[in-house]
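Trainee: Sharing a model prediction with you, sequence too.
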Amino acid sequence: MAEAAAPESQTFGNIRLGGKDAHRDESVGTLRLYSEGVGWKSRATGNVISVSKADLRKAEWIKIPHAHQLKLRARGGFVYKYNGFRGQDKETVRGYLSNTFGLEVEDAKVSYKGWNWGTSSVGNGAITFAIEDNTALEIPLTDVASAASQKNEAVIEMQMDDTVQPDDEVITEIRFFLPPDRSDEAGDGDATPAEGFVELVKQSGDLEVAGASLVTLDDLQVQVPRGRYDVELCDKFMRLHGKTNDYKILYTNVSGLYLVPKQDGHHMSLVISLEHPLRQGATSYPHLVFQLPRDQPTDVEVQLSEGEIASRFGDKLDKFESGDMPSVVGKVISAFAKKKVQGIKSGGFNAESKEDRNKSIRCSLKAVDGFLYPLDKVFFFLSNKPVLISFDNVSSVEFNRVDQASSSAAARTFDITVHAKDNSADAQFVNLQRQDYKEFVRFLQAKKVRIKNFAAAGYSEGRGRGGADDDDDDPYMNQIRERERARQQAAADDDDDDDDDDEDDEDFVGGSGSEVDEEFDEGDEDDEESAFKKEKGKKKKAKTEDSDEDSDGGSDDGSDEEKPAKAKKPAKSKAEGKRPAEALGIMGGGKKAKTEKGAKKKKAKKDPNAPKRGQTAFMLWMNGEGRDQARETNPSATIGEIGKACGEVWRNMDAETKATWQQKADADKARYEREMAEYNASAKTEEPDDDNEAEAEASDDDDE
């Protein structure tokens, strides 16, 4: 019977990357064994650490408290520890490494006795301290900065960089006491055991060149942190020397390299992303941004022999490198950091165009202007405060202000909100150019990034750029349009009810109320005062027109038969706002009409019995909870600041909470429609009585 084929890969979850950063949350991730090597990916940051098949040298399986550890030794003395395996995973790992890589897994033990005396040795790329032949302490030589001897002690100084957090506990120095050999007391003054141990450490760890500068890049312009720096590339770390500050960064802390074009067409930006941010006082820099001229030629020389370069870097770096500055600097840093430089591929954003300005989108994030680069696997926002968002951490992308009909500004720009899968804050990019909308949607669909409020199936290639049809399948905009149509329909119904009061009174607008009045009936006194001032300005203009008409022999009885009302711009003149005297039952000899010259027309009072309009979900939430919460947060905030704060909270509110308030708004709207129908019906019923009263009043005036 044929044996079953070996699986293409093996994946293990909840694996913690061992080492000095094992206590951090970003050290938990997923380990994957595949045909090309071993890869580990952080769950929190998405950072990937991979070891190629050709670099693997040894594998060990170790029992640690509450779990098991897989230790891999790689070329160059690098050691990778993966903690969190179960006991039953041993055979799976052993079989895969043996069949795929030809690597046998050895069993190793760790001593937990806590003794401070034992046996020290140097080998396999590490300094080992053993107790009864079991390893108690192991220090990778890649973490050693220097070694020196003091009498009978070997002093080992550890590598440090400027990314250490204030609360981190790290080892800076460790000392080994090596007593002199008593059998050699009568010797001829040979080196002591401590001196021999230090010399062995230097030879095994190449410490003679570890602190020496192998490549020097002079006077590079750095955008973040801002300044000009001389960059020295050493064996295990890089230094940045500036006029004010100096920085030291371990290559093991580099998580990614990105080379993107700038909009000016003359520079390229080389971005070095760090696993742990670079710290300068209270300021942290998770990304370093170099601004490199495109056309400036650069020549560099690696201060190593051809054989050493071949053993360290393979074919990735030559002793002499020359070319344009972005290419040379990117290639050299990539070889030392063992990270691939990522850029915009031929099939990247807006791939149909070769112009660099179409490789990024100008926008703003939290009032910071910059450029958004949609790359192959990440969004990179290049600014004075760079932001990197991996597609793996994107839950969805939401489009805002995509309806051109809403305002003139929406015809030129739109906004997007990138929702994250983890607990990190959402990123809202504003004022993206409308011309990039169509290509950006295509890009998201090609990368299979979920669009929260856009129906991808209804997106047609044949629609015009920025046309109104682009948003027909947007459920958010459809909801807004539906509300607007309902509002206009309600306003039209109100106008029809006013017209039914008197068919001859078509030009009368003074007491009927406008849509603006109805919209703000529930406002405060300031709103009513503002509306009154606007009405007063209109009356002054109408008063001047009335004076001209009266001087030409106009009628004082208010009749429209001899001088019909002007059809131009209704409700603009006072004459158009008059009711005919006959319709009001006011004839000459009786009470004088208030529409005579010099009399002021009072604003028609709103019927207090009229039902109140329904409020939106936002207004219900703001009146119910939002305003009080904003005042508690900032008691000294003004009305405008409270409104902005409430708007921001509402935009970031989850859909479930919004749905609760939307249900209340729908119920309030249904209440208004029901009460409005009852109110209109009762008003029509009372109309004959009003006419009889008007006729009776006119008859009394005639009798007088």
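Mentor: Ah, there it is.
Trainee: you'd agree His276 is in a strand?
Mentor: Yes: under DSSP: H, G, I helix; E, B strand; the rest coil, His276 falls within a strand.
Trainee: which residues sit in contact with the closest residue to it other than its chain neighbours?
Mentor: Distance criterion CB to CB, 6 or more residues apart in numbering; nearest residue to His276, sequence neighbours excluded, is Thr163 at 4.1 Å. (C-beta placed from N, C-alpha, C; glycine too.) If a contact means CB atoms under 8 Å, 6 or more residues apart in numbering, then Thr163 has 249-250, 253, 274-279 as its contacts.
Trainee: hmm, try it at 7 Å
Mentor: 249, 253, 274, 276-279 (CB atoms under 7 Å, 6 or more residues apart in numbering).
Trainee: Tell me the buried residues within those.
Mentor: 249, 253, 274, 276-279 (16 or more other CB atoms under 10 Å).
Trainee: Among those residues, which one sits closest to Gly39?
Mentor: The nearest member of the buried ones among the contacts of Thr163 to Gly39, counting by CB to CB, is Asn253 at 18.3 Å.
Trainee: I'd like the distance between that closest one and Glu106.
Mentor: Taking CB to CB, to the nearest Å as the measure, Asn253 falls 30 Å from Glu106.
Trainee: From the buried ones among the contacts of Thr163, which one has the minimum pLDDT?
Mentor: Lowest pLDDT among those: Arg279, with 80.
Trainee: Leaving out the residues flanking it, which one is nearest to it?
Mentor: Asp162 (5.8 Å).
Trainee: what about that neighbour, how many neighbours?
Mentor: 19 (other CB atoms under 10 Å).
Trainee: what stretches of the stretch 401-550 of the chain score poorly on pLDDT?
Mentor: Along the stretch 401-550 of the chain, the model assigns pLDDT under 70 to residues 403-411, 454-480, 493-550.
Trainee: Please repeat the previous calculation with a cut-off of 50.
Mentor: 455-473, 501-528, 531, 547, 549-550 (pLDDT under 50).
Trainee: that older thread, is the residue nearest to Arg279 in a helix, a strand, or coil?
Mentor: Going by three-state DSSP: Asp162 is coil.
Trainee: pretty sure it is touching Leu278, no?
Mentor: Yes: Asp162 is in contact with Leu278 according to CB atoms under 7 Å; the separation is 5.4 Å.
Trainee: residues contacting the nearest residue to Asp89 once chain neighbours are set aside?
Mentor: Nearest residue to Asp89, sequence neighbours excluded (CB to CB, 6+ apart): Phe12, at 6.5 Å. Counting by CB under 7 Å, 6+ apart, Phe12 touches 31, 85, 89.
Trainee: For Ala367, state which of these is nearest.
Mentor: Using CB to CB, the contacts of Phe12 come closest to Ala367 at Leu31, 40.7 Å.
Trainee: In which helix or strand does the closest one reside?
Mentor: Leu31 belongs to strand 28-34 when assigned by DSSP states H and E.
Trainee: what about that strand, average pLDDT?
Mentor: 92.
Trainee: and it, which residues are buried?
Mentor: Using 16+ other CB under 10 Å as the test for burial, strand 28-34 gives 28-29, 31-34.
Trainee: what's the answer for stretch 281-293, then?
Mentor: Buried residues in stretch 281-293, defined by neighbour count with 16+ other CB under 10 Å: 285-292.
Trainee: wait, Gly13 sits on Leu31?
Mentor: No: with contact defined as CB under 7 Å, Gly13 does not count as touching Leu31 (8.1 Å).
Trainee: still on that earlier bit, name the nearest of the contacts of Phe12 relative to Gly205.
Mentor: Gly205 lies nearest to Leu31 out of those, by CB to CB, at 27.4 Å.
Trainee: list the contacts for the closest one?
Mentor: 12, 15, 40, 82.
Trainee: Quick one: the contacts of Thr163 as CSV, columns for distance to Asn393 too.
Mentor: Listed next are the contacts of Thr163 as CSV, based on distance: CB to CB, whole Å:
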residue, distance to Asn393
Ile249, 24
Asn253, 20
Leu274, 17
His276, 18
Pro277, 17
Leu278, 22
Arg279, 24
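Trainee: Among those, which one sits closest to Glu439?
Mentor: Closest to Glu439, out of all of the contacts of Thr163 and judged by CB to CB, is Leu274, at 31.2 Å.
Trainee: I'd like the average pLDDT over stretch 644-659.
Mentor: In this model, stretch 644-659 has a mean pLDDT of 85.
Trainee: what residues does that stretch touch?
Mentor: The contact list for stretch 644-659 (CB under 7 Å, 6+ apart) reads 426, 617-618, 621-622, 626-627, 630, 637.
Trainee: Filter those residues down to the buried ones and hand me the PyMOL line.
Mentor: Those of the contacts of stretch 644-659 that count as buried under 16+ other CB under 10 Å are selected in PyMOL with:
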select buried, resi 617+618+621+622+626+627+630
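Trainee: Format the contacts of stretch 644-659 as TSV; extra columns: secondary structure.
Mentor: Shown next, in TSV, are those (three-state DSSP):
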residue	secondary structure
Asp426	coil
Ala617	helix
Phe618	helix
Trp621	helix
Met622	helix
Gly626	helix
Arg627	helix
Ala630	helix
Ala637	coil
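Trainee: and which of the contacts of stretch 644-659 is nearest to Lys339?
Mentor: Within these, the smallest distance to Lys339 is 28.4 Å, found for Asp426 (CB to CB).
Trainee: Look up how far Ala194 lies from that closest one.
Mentor: Taking CB to CB as the measure, Asp426 falls 57 Å from Ala194.
Trainee: How about Thr216?
Mentor: Thr216 is 35 Å from Ala194, by CB to CB.
Trainee: of those two, who's got more company?
Mentor: Counted by other CB under 10 Å, Thr216 and Ala194 do not tie: Ala194 has more neighbours, with 22 against 14.
Trainee: can I assume that one is in contact with Val155?
Mentor: No: taking contacts as CB under 7 Å, Ala194 lies outside contact range of Val155: 8.9 Å.
Trainee: before we move on, back to that, so of the contacts of Leu31, which ones are in strands?
Mentor: 12, 15, 40, 82 (DSSP state E).
Trainee: What separation is there between the residue nearest to the spatial centre of the chain and Val649?
Mentor: In the chain, the C-alpha nearest the mean C-alpha coordinate belongs to Ala427, at 2.0 Å (CA atoms, centre = their mean). Counting by CB to CB, the gap from Ala427 to Val649 is 17 Å.
Trainee: what kind of secondary structure is Glu91 in?
Mentor: Secondary structure for Glu91, judged by three-state DSSP, is helix.
Trainee: Counting neighbours, what do you get for it?
Mentor: So Glu91, with other CB under 10 Å, has 10 neighbours.
Trainee: pLDDT at it, what is it?
Mentor: At Glu91, the model reports a pLDDT of 92.
Trainee: again, but for the one 4 residues further on
Mentor: Among the per-residue scores, Gly95 shows a pLDDT of 91.
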